[in-house]
Every structure is written in C-alpha cells, then in structure tokens.
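# give me a model of this one.
(2 chains)
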Amino acid sequence: MKRLTIAVLILAILSGCSSSNGGKDSKKIAIVVSTLNNPWFVFLAETAAKKAKELGYESKIFDSQNNTALESDHFENAIASGYNAILFNPTDAAGSVSNVMKAKEAGVAVFCMDREVNSKDAATSQILSDSYSACIELGKLFVQSLNKKGKYVELLGIVSDNNTWNRSKGFHSVVDNYPDLKMVAQQSADFDRNKAMEVMESILQAHPDIDGVFCGNDAMAMGAYQALVAAGKAEKVKVMGFDGAEDAINSIKEGKLTATAMQFPKTIAELAATYADEYFKGKTDFPKKLPIPVEVVTSENIDKYIAYGKKE
Amino acid sequence: MSISKYRATLSRFQSSIALFVLCLALSILSDKFLTVDNGWNVLRQISVNVCISVGMTLVVLTAGIDLSVGSVLALSGAVAAGLLKNGIELPGNDLFIGFTLLGTIVAGLLTGGFLGFFNGAVITKFKVPPFVATLAMLTIARGLTMLWTKGYPISSLGPSFGYIGTGWFLGIPVLVWIAAVIIAVALVITNKTSLGRYIYAIGGNENASRLSGINIGKVKVIVYTISGVLAALGGIMVTSRLDSAQPNAGISYELDAIAAVVIGGTSLSGGRGTIMGTVLGAVIIGVLNNGLVLLDVSPFWQQVVKGFVILLAVIIDKANSKAE
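As a prediction, the model looks like this:
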C-alpha cells in the first residue's frame, strides 16, 4: 500500500512536470547530447530545441553525462516514448554506433551533430565539426606567432575524452615538424578553468621562460591566462584555446588571448533541426556527412564573431 | 622506548613524516620545488580544499560523510556571482533588488548553510544514512546550479570581488588567511568547546552519548550546517579566484576532501582524528599535485600515484590503530 502511494505520488509529480502539448499527429524530436556540463553543449542542445520549436515540433533534451551506457538508455526511452527523430551529439564515435542502429531499426531517423559515429549508413545525416583539422589551423598559427622556435606548454582536456586527443593530435601534426619548438610540459586540466590555473601556476615554477600555451578548450585557456597574469608573464606568452566561448571572445577582443577556434554550434544545431523537418515532410536524400568548417579567430578578425558564432 | 610507545609516537607524527619525506624527495628531483613562490602557490591552491576538508573532518568525526560539498560549492559560488552581477529582478512590477559585495557573500554562505542544514535535518529526522542523504544533495545542488546558471559561466565580477581570490594582505595571500582563520576556529571548537566534545563522543559511541544526555540530532545538524557553510566559503574563494562562477565547479572535490581527512588519520568510522591531521593531509595532496606537475609526470600516472598514496595512508593508519 505504501509502495503504491509512493508510485502514485511520483507519477503525479512527473505528470506535473512534463507539459505535453496536445496534437496527436504532431511529430516529436529528441535531442540527445553527450553532456550538459559544458556551456558549448548546452548551447548546442538549446539551439536545437529552439529551432525545433520554431518549426512546430515538441522536443526534449536528454543529457548523456559523457556516459555511453546512459546514452543507450536515452535512446531506448526515446524510441519507446514515440519520438520520430533524434538530433544526436554522440559520446563516443565507436561506442555510440549501436545506439544509432537501434534507432534506425525502430524507424527513428538520427541526425548527428558536431561529432560523428563510425558508420556510413546508421545515421540519416551527420553534420560535423572537425576538431582535428581546426587544430591543424591553430597549430599553423601557433608556429607562426612563436616564429618557429621557443618553449611551449600543452594543457589537455579530460584524458579519457576522444575530443581531447583529436585536438591534441591535430595540433601536433603541424607543430612537431618544427624541431626548435619544444614542448616542456603536457598536462591535463580536465577542461576546467580552476584546474588549468593551478596546473599552470605549477608549470610556471618549473618553466618560467615559456613562449606559448596551447589549450584543448577556452575554459582552460582562460585559467592558464589568469595564472600568467598573476606571474606577470601574460604580455610575453601566447595563449590559444578552442570553442569560441563568450569569455574567450571577449578576451581576444581585449588583446589577452591570442586565438581560439570557432566551431559553429548554432549552424550545426539549426541545420540538424531543419533536416529533421525536411525528413518528416518526405525528403530522403541527405548528405551522409556534411562538414561545417571551423574558423580560427584572432584579434584581426574578431569583429566578425560573437560567442559561439558569427555576427548576423 | 618500548615498541608500543614507539609506535604510538610514530602514529601521532605519521602525516608530518610522510609530508617531510615527500618534500625531501621533490626537492631532490626538482630544484624549482623548494622556492618561496612555489610555496605560496601550493598554499593558495590547497586553501579551498582545507576549508572543505575541515568541515568534512567534523562530519566524519560523528561517523558521517558529506558527499555534497562539491555541488554545494558550485551552487553557492554561482549564487554569489549571479546576485553580484545581475541582482534579482522580480517580474511584474519593475522591482529590482541589487546586492552589495558583502550581501552577495552572505547570500552565498547562507545558501551553503541552508543546504547543509537540510542534509542534517534529513539525516536526523528521517534516519536517512548520511551517505545516501548527501549523495542525493550532490545531485540536487548540481541540478540547482545548472538551473541558476542555465549552464553557462557567470564571469567578469570585478576587482573588488576578485580581491578575495587574488589579493594579498600583510604579505600573505587572502586565500591563505581565510584558510588559517577557519583552521583556528575549528581547533577551538574541537578542543575547547562542549560541541567539540559531543562531536567526538557521538562518533565514538552514539548510544552511550545518547544515554549520557547529548542531543545527538542537534549536534549532527550543526555539524552538517558547518560543512555546508565551509563548502560555500570554498565556492566564493574559487569563484573570486577565477573571476567566474563555472557551472561545473567543484566536481569530485568531495573526493579530495575525504582523501585529506583519511590521509590525516581521521577514522571513517568516527570518533578519532584531528583538524591538524586533516590540514596535513590537504597539504600532502597539494604538494603531490604540485610536484607531479613540476616533474611533468604523465596525467595517466598522476591518477595512479594519487590513488596509491591514499591507500598507503589508510593501510598505515589501520596498522597503527591496531597497535594502539
């Protein structure tokens, strides 16, 4: 009896929370993102949801918390509760394939955003942002702004995240060709501003004479920059980030950070929602892979950009 | 000196000895370790963990645990930053409430205090095990942080707020002053007050304490509230230091705090341990973090090394408590 009461209570609470809008024929879109613990992905998910709403669809955001198993649960729940399409930001290129296949078999179209899954035909379309080649561009700029020689530090993101290594590998594919550029420390700061500041403070003790810092995201670049300011070295050291977050854009404008890579989460998310809309209306031929170019942002072209996108 | 006496002395100074050995090894391996600048670095970096760990020690002494400190830190920091930057706009009749610097700090601390009080109340009134109650709060407070910040950092809080995290006072970083004051207050509480005696008594033997007339519920609620306030203080320190409240601040800080408590020789079953032990534990973790980066040890190995240090500390502690 007690259990029943609790069950009824929970049901009552849940039904109070979810505001389902009427229309039985209306299509529903699920938005499954790898994590909401990072503003970039929050922006991606919210933009997708906003666009879906504009196009007249009910949508719901699922947070996979960087956990492929949880992502799998989200897919099962989304399929079971009758979603017609999934706008999907995968946790893992290989591990997420089976989830996409599951949706495909159930007749639910999947549109990948930002990150790809390693399968040619599982997803209806993949709209991708290529971290690897963006970091090649950043690497070139890095080499150029250090005049091909000097000591530098690399701050990695979470070491179990494949984005961390895509970015690092792209960067090194360029920079490692210059023997006079020496990496004196490669440390992880977990994509976290506070950790980056602390790690940078320690590195500066061992290597007070560095010329550049390459960071796997903007939050770490901001933290590293603050450590450099505290040590009175901010003027001399070039700091580069990745993402195009608001703090980094403002900071480049003020001449603090040297560069970041702008991905276009707004373009990606809106396109994914538009594709879903077209799919519902009968379109079947979508580009299997559509790369959205990443642009390098510096003080020279900063006027064209705002946080997470271009000025309109 | 008899062996048991020798052991007892060793156990009392085990953390100091471990710290000394660690520092000795690091200064041999790197000539950058033993410098004044690096010393301030380490002290600044551990100041937040010291505040959280002191609260955690009080909780653990009562045989409890507080897993929610990292999330409480994030929410309190974000509340302070949000109020400072945006104030509160009441919808409807154009009512706007702005906050002074002190007001935002108090609001942040109250947030942490309330969440801690809530933890304590749930644990005592509904007899929910502390592990479960604070695990629930870990999720609740993180979710509230996301709601409050909408998932984005709150940045550019201004130089006067930044003074807490980056300023110096009488030649010592403000962060270190705060940690020192917290340690001093906690030492007084644990050693000189009846509250301190009750905390140890409850952890030692809850039934006996109840029979001797101690209001166990009240003491526990106070202890969890203190833990919440100290986590909030940590949140304000981190936020001020970064000039930004990050929605994912403080993730896994509870583990660093528990590690400091355990390395410091406090028993997780309660009743035994000291504030100074925990402070030494926090210093050891800070020195280890700093040293591994100075030596540019691979991030993969750093995690392995830290795990083994915690394990070693607990094994030695177990051996010592048996000897006693």
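
# can you show me the helices along the chain?
Unless you meant another one, I'm taking chain A. A:2-17, A:39-54, A:68-80, A:97-105, A:131-145, A:162-175, A:193-206, A:218-230, A:246-253, A:265-280 (DSSP state H).

# the chain in question should be chain B.
All helices of chain B, identified by DSSP H, fall at B:3-12, B:14-29, B:36-61, B:69-86, B:101-125, B:130-149, B:159-166, B:174-192, B:194-204, B:206-211, B:216-242, B:253-263, B:275-294, B:299-323.

# quick one: contacts for residue 167?
In the absence of a named chain, chain A is used. A:R167 sits next to A:131-132, A:134-135, A:157, A:216, A:242 when contact means CB atoms under 8 Å, 6 or more residues apart in numbering or on different chains. (C-beta placed from N, C-alpha, C; glycine too.)

# I was thinking of chain B, sorry if that wasn't clear
Here B:G167 is in contact with B:173-174 (CB under 8 Å, 6+ apart).

# contacting residues around the residue nearest to A:F75 when sequence neighbours are not counted?
Nearest residue to A:F75, sequence neighbours excluded (CB to CB, 6 or more residues apart in numbering or on different chains): A:N99, at 4.5 Å. A:N99 is in contact with A:68, A:71-72, A:75, A:90, counting by CB under 8 Å, 6+ apart.

# same thing with A:V110?
A:85-86, A:88, A:100, A:103-104, A:122-124.

# lowest-confidence one in those residues?
Ranked by pLDDT, the contacts of A:V110 bottom out at A:A122, which has 89.

# count of residues packed around the nearest residue to that one once chain neighbours are set aside?
Using CB to CB, 6+ apart and skipping the chain neighbours, the partner closest in space to A:A122 is A:V100 (4.1 Å). Per other CB atoms under 10 Å in any protein chain shown, the neighbour tally for A:V100 reads 23.

# for A:V100, what are its contacts?
Contacts for A:V100 were tallied using CB under 8 Å, 6+ apart; they are A:75, A:88, A:90, A:110, A:112, A:117, A:119, A:122-123.

# same check on A:Y83?
A:28-30, A:60, A:108 are the contacts of A:Y83 under CB under 8 Å, 6+ apart.

# for B:L101, same thing?
Taking CB under 8 Å, 6+ apart as the test, what B:L101 contacts is B:84, B:160-161.

# now, among the residues you listed, which is nearest to B:R142?
B:L84 (21.2 Å; CB to CB).

# wouldn't the closest one be in contact with B:F99 here?
Yes - counting by CB atoms under 8 Å, B:F99 is a contact partner of B:L84 at 6.0 Å.

# more neighbours: those two, which one.
B:L84 (24 against 18).

# report the contact partners of the more buried one.
Per CB under 8 Å, 6+ apart, neighbours of B:L84: B:99, B:101, B:104, B:157-158, B:161.

# same deal with A:G170?
Residues near A:G170 by CB under 8 Å, 6+ apart: A:131-136, A:138-139.

# and with 10 Å instead?
Taking CB atoms under 10 Å, 6 or more residues apart in numbering or on different chains, we find A:G170 in contact with A:130-139, A:242, A:261.

# these: which ones sit near chain B?
By CB under 10 Å from any CB of the partner chain, no member of the contacts of A:G170 lies near chain B.

# where are the low-confidence patches of the chain?
Looking at chain A here, since you left the chain open. Applying pLDDT under 70 to chain A flags residues A:1-25.

# if you could check chain B rather than the one you did, that'd help
Flagging of chain B using pLDDT under 70 yields the residue ranges B:1-12, B:92-93, B:320-324.

# which residues of the stretch 51-200 of chain B lie near chain A?
So the stretch 51-200 of chain B meets chain A at B:142, B:146, B:149-153, B:155-156, B:162, B:165-166 (CB under 10 Å from any CB).

# which strand residues bridge the residue nearest to A:N77 when sequence neighbours are not counted?
Distance criterion CB to CB, 6+ apart; nearest residue to A:N77, sequence neighbours excluded, is A:F62 at 7.7 Å. Judged by DSSP bridges, the bridge partners of A:F62 are A:V32.

# next, count neighbours for A:F62.
With other CB under 10 Å as criterion, A:F62 counts 21.

# contacting residues for it?
Applying CB under 10 Å, 6+ apart to A:F62 gives the contacts A:30-33, A:36, A:45, A:70-71, A:73-75, A:77-78, A:83, A:86, A:88.

# out of those residues, grab the one that's most surrounded.
Neighbour counts for the contacts of A:F62 (other CB under 10 Å) peak at A:F88, which has 33 neighbours.

# can you tell me which residues contact it?
A:F88 neighbours (CB under 10 Å, 6+ apart): A:30-34, A:48, A:62, A:64, A:71, A:74-75, A:78, A:96, A:99-100, A:103, A:109-115, A:117, A:123, A:126, A:272.

# distance of the nearest residue to A:F242 once chain neighbours are set aside relative to B:G151?
Closest residue to A:F242 apart from its sequence neighbours, by CB to CB, 6+ apart: A:A261 at 4.7 Å. A:A261 sits 21 Å away from B:G151, going by CB to CB, to the nearest Å.

# in the stretch 101-250 of chain B, what residue is nearest chain A?
Closest contact between the stretch 101-250 of chain B and chain A, by CB to the nearest CB, is at B:G151 (3.4 Å).

# how many residues are close by that residue?
By other CB under 10 Å, neighbour count at B:G151 equals 20.

# wait, isn't it in contact with B:G143?
No - B:G151 is beyond contact range of B:G143, at 11.1 Å (criterion: CB atoms under 10 Å).

# burial count for the closest residue to B:L242 other than its chain neighbours?
Computed as CB to CB, 6+ apart, the closest residue to B:L242 that is not its neighbour in sequence is A:R193, at 5.3 Å. For A:R193, the neighbour count with other CB under 10 Å is 30.

# from A:V297, how far out is A:R193?
From A:R193 to A:V297 the distance is 19 Å (CB to CB).

# now A:K104
Using CB to CB, A:K104 is found at 37 Å from A:V297.

# again, but for A:I252
For A:I252, the distance to A:V297 equals 6 Å [CB to CB].

# between the two, what contacts are shared?
A:241, A:244, A:258-260, A:305.

# for those, which one is nearest B:I285?
A:G241 (27.9 Å).

# give me every residue that touches the closest one.
A:138, A:155, A:196, A:213-225, A:247-248, A:251-252, A:257-261, A:297.

# can you rerun that using 8 Å?
Shown in contact with A:G241 (CB under 8 Å, 6+ apart): A:215, A:217-222, A:248, A:257, A:259-261.

# phi, psi of it?
Backbone torsions for A:G241, taken as degrees, to the nearest 10, come to phi -120, psi -160.

# leaving out sequence neighbours, find the closest residue to it.
Counting by CB to CB, 6+ apart, A:G241 lies nearest to A:A221, which is 2.9 Å off, once chain neighbours are set aside.

# wait, isn't the one you found in contact with A:C215?
Yes - using CB under 8 Å, A:A221 makes contact with A:C215 at a distance of 4.1 Å.

# how about the residues of the stretch 151-300 of chain A near chain B?
A:156, A:159, A:184-188, A:192-194, A:197-199, A:201-203, A:205-206, A:219, A:222-223, A:226, A:230, A:246-247, A:250 (CB under 8 Å from any CB of the partner chain).

# buried subset of the residues you listed, written for ChimeraX?
Selection of buried members from these for ChimeraX, criterion 16 or more other CB atoms under 10 Å in any protein chain shown:
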select /A:156,184,185,186,187,188,192,193,194,197,198,199,201,202,203,205,206,219,222,223,226,230,246,247,250
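
# beta partners for residue 154?
Just going to use chain A. In beta-bridge terms (that is, DSSP bridges), A:E154 pairs with A:Q186, A:F214.

# right idea, wrong chain: chain B
B:A245.
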